[in-house]
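A.B. asks: can't give you the sequence, but here's the structure:
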């Protein structure tokens, strides 16, 4: 008797049967028509890898086009493009696959199409067709789309192209989404639509289909046989109602693998006993900075205050500047349960309406937080510099501080601007601001890039916790002031720990992108008769500074946003695993860099503090700290957690944007960011939002007749032509017709295109602020 048979014999079997793979279903499908080539056997793959006939890499599905993907292969400069469902051959995002690369005459380029997968539905019954898996209409549509992707490609635009020949390792996880409604009352087969557009639709069988309609659920994939157009999976659990904010938050946390369980008793047992008291014995081990006018400057509502600053004039006329960072490692000792938990979480995750801490609240919001008027332990970096910000020397120490004030960026800015204030803290802020401007200008001369990214801020209702206003974040001089000194501290510490531990130090690098990555932004600039140079960071920075068009205030910001999209991701690494010339941080134009300034919220900084403490003989090393393999694994995990935290934050912004615009229709000014083969991607500056305007109907029988010019990167219909950076007026609303994707919808209002543009809205738009530039990927 199988497990499936045993569970089926139980009186309450239906819910339990749902969470098991259906062997009978899989067997039935194995006897059906084959839709994909067979995967090669492992022995054949291994032989092919050795002979370089095949290549191994990670499969990256496209979010914009379900019929496209890329495979990153170690040793190849460019990712390998995979196009069409046969070439994709049942690979799922993040799988490790074996691929065969086509001869160069068969290479292609990304299609520029925006395509979403639709379930195969029989027109008469609404059921997924069980024999052929798709009716003639849906098959014809897919064939048409694949033909569109087979475009003529200029030789310079081609990239290595190939097909998946086997799966080396499945990296399947559980997936959140909804069941597609069906019309048949008898069938138990459903199509599951994942929330992540990189994941294919999944066939599931459940006895609880009626109860699960309109619910966010979790599904696991069991198998993807050649005979099935879709992978086969089973129902795992229910999360809540579609559109319910708590359920949607749970979805985005699960989808981005954010560890958000409560801290275990073992972790909490590592916390110090309260009330915590700073002892005289501990003070004697440290440099005492409690007499200095130290203050912190952070966003409104910040409770996990990592950093504080001080400024004072020395008797010799030079300046002393100090950056003081919370001494988290005093409380989080290597190898204990709290350290293991922090290492696993990797980072604090910030959502619009909540924060998932890396460390328990007693540390993150209290004992390690450099709150105003309270004595706290710190790791300090103190420079002596001239009045023109030339650094003469730097010292590092474990210290004790008492911050005079915990200020917001706005409060600090008001102090600097109010000439009547002459207290020690305010005078120090003015001095820091003056030096920061010099440091920033110097970095710019060295080729540092000051890029841009639209970033929004929500005002949340205190009772319902729903967004009541949305606008772009406005940055002040004090934002840049703090950033400059955090960057300086990170660079100084990187130099110190690398000098002492050249084989093991945890550093951060930002590789220079290949020149071909800049092609989209260079073409976009040329369309406006601007000459942008990207041969190196310095030339790019200089040409961006000059790229302005009179009467188009957002042009330079959009150009910087496009440039940001061309960048590689910055990553953590162990110094002994990379050649020194590859240490560089391209965006910051510095040969060496690390993260030291945020140990409350980043585990990388915790490790850097341990290296620094050992370097200044204030703590001891331990075996794992001086083990390259261990450090490399630590770096891999924190890179992954950092990336997932960023994605989760963006998903939270997207969710709250939908909540804000739900039941509203608002007209706003927008600018074209990207021109696709069947869509425009636009930026709406007032809210810092991006949206997609589809230019053809899903059945591709629209009468509008947009024509895409690949070389000119334009879309034309009649007398109207859209190019990158063109201005238009759009209408923002939320489409709630789709059960799965309550999505932000952007339609054209102006220019007026008969049969395509929508009627202007009569609703009044909420007041917002124009977008401001922010630092590259928040790397301070």
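C.D. replies: Alright, I've got the coordinates. Values in this document were obtained by computation on a predicted structure and should not be read as measured data.
A.B. asks: Phi and psi next, for the residue lying closest to residue 582 once chain neighbours are set aside.
C.D. replies: Using CB to CB, 6 or more residues apart in numbering and skipping residues adjacent in sequence, the residue nearest residue 582 is residue 509, 6.5 Å away. C-beta coordinates here come from the backbone N, C-alpha and C atoms, glycine included. Here the main-chain torsion angles of residue 509 (degrees, to the nearest 10) amount to phi -130, psi 160.
A.B. asks: And for residue 525?
C.D. replies: The main-chain torsion angles of residue 525 are listed as degrees, to the nearest 10 and equal phi -70, psi -40.
A.B. asks: Around the closest residue to it other than its chain neighbours, how many other residues sit close by?
C.D. replies: The shortest distance from residue 525 to any non-neighbouring residue, by CB to CB, 6+ apart, is to residue 532 (4.0 Å). Burial measure for residue 532: 21 neighbouring residues, criterion other CB atoms under 10 Å.
A.B. asks: On the three-state scheme, residue 532 is what?
C.D. replies: Recorded secondary structure, residue 532: coil (DSSP: H, G, I helix; E, B strand; the rest coil).
A.B. asks: residue ranges for the strands of the stretch 301-450 of the chain, please.
C.D. replies: Along the stretch 301-450 of the chain, the stretches classed as strands by DSSP state E, counting those that start in this stretch are 307-313, 319-326, 349-350, 355-356, 375-385, 391-402, 405-408.
A.B. asks: residue ranges with poor pLDDT in this protein?
C.D. replies: Within the chain, the stretches falling below the threshold (pLDDT under 70) are 1-32, 119-152, 183-184, 452-473, 697-703, 737-742, 764-778.
A.B. asks: wait, isn't the residue nearest to residue 582 in contact with residue 573?
C.D. replies: Yes. Counting by CB atoms under 8 Å, a contact exists between residue 509 and residue 573, whose distance comes to 6.0 Å.
A.B. asks: Other residues contacting stretch 750-766?
C.D. replies: Residues from elsewhere that reach stretch 750-766, judged by CB atoms under 8 Å, 6 or more residues apart in numbering: 469-471, 664-668, 686, 703-704, 717-718, 720, 728-729, 731, 747-749.
A.B. asks: Among the residues you listed, name the buried ones.
C.D. replies: Buried members of those, scored by 16 or more other CB atoms under 10 Å, are 470-471, 665-668, 686, 717, 720, 728, 731, 747-749.
A.B. asks: Of the residues you listed, which pair is most distant in space?
C.D. replies: Greatest spacing in the buried ones among the contacts of stretch 750-766, by CB to CB: 471 and 717 (33.1 Å).
A.B. asks: distance of residue 602 from residue 318?
C.D. replies: Counting by CB to CB, to the nearest Å, the separation of residue 602 from residue 318 is 32 Å.
A.B. asks: Looking at those two, which one has more neighbours?
C.D. replies: Neighbour totals were compared for residue 602 and residue 318, and residue 602 leads with 25 against 15 (other CB under 10 Å).
A.B. asks: right, and that one touches residue 357 too?
C.D. replies: No. Residue 602 is beyond contact range of residue 357, at 11.8 Å (criterion: CB under 8 Å).
A.B. asks: anything in contact with each of these two?
C.D. replies: Taking CB under 8 Å, 6+ apart as the contact rule, residue 602 and residue 357 both touch residue 348.
A.B. asks: Relative to residue 481, how far out is the nearest residue to residue 432 once chain neighbours are set aside?
C.D. replies: Taking CB to CB, 6+ apart as the measure, residue 432 lies nearest to residue 311, with 4.9 Å between them; neighbours along the chain are not counted. Note on residue 311: its distance to residue 481, by CB to CB, is 11 Å.
A.B. asks: ok, now residue 429?
C.D. replies: Counting by CB to CB, the separation of residue 429 from residue 481 is 8 Å.
A.B. asks: Need the overlap of contacts for the two.
C.D. replies: Where contact means CB under 8 Å, 6+ apart, the residues bridging residue 429 and residue 481 through contact with each are 297, 412.
A.B. asks: Which residues does residue 716 form beta bridges with?
C.D. replies: residue 707, residue 721 (DSSP bridges).
A.B. asks: my bad, residue 164
C.D. replies: According to DSSP bridges, the residues that bridge with residue 164 are residue 99.
A.B. asks: Let me see the contact set for it.
C.D. replies: Neighbour list for residue 164: 59, 71, 82, 87-91, 97-99 [criterion: CB under 8 Å, 6+ apart].
A.B. asks: ditto for residue 498
C.D. replies: Remark: with contacts taken as CB under 8 Å, 6+ apart, residue 498 is in contact with 505, 507, 575, 592.
A.B. asks: contacting residues around the second one?
C.D. replies: Taking CB under 8 Å, 6+ apart as the contact definition, residue 507 lies against 494, 498, 572-575, 583, 592-594.
A.B. asks: And the last one, by the same measure?
C.D. replies: With contact set as CB under 8 Å, 6+ apart, residue 592 has these partners: 491, 494-495, 498, 507, 583-585.
A.B. asks: In TSV, list those residues along with secondary structure and distance to residue 36.
C.D. replies: TSV is the format used below for the contacts of residue 592 (DSSP: H, G, I helix; E, B strand; the rest coil; distance: CB to CB, whole Å):
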residue	secondary structure	distance to residue 36
491	helix	51
494	helix	49
495	helix	53
498	helix	50
507	strand	44
583	coil	44
584	coil	43
585	strand	43
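A.B. asks: In PyMOL, how would I select just the buried ones from these?
C.D. replies: Isolation of the buried members of those (16+ other CB under 10 Å) is achieved in PyMOL through the command below:
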select buried, resi 491+494+495+498+507+583+584+585
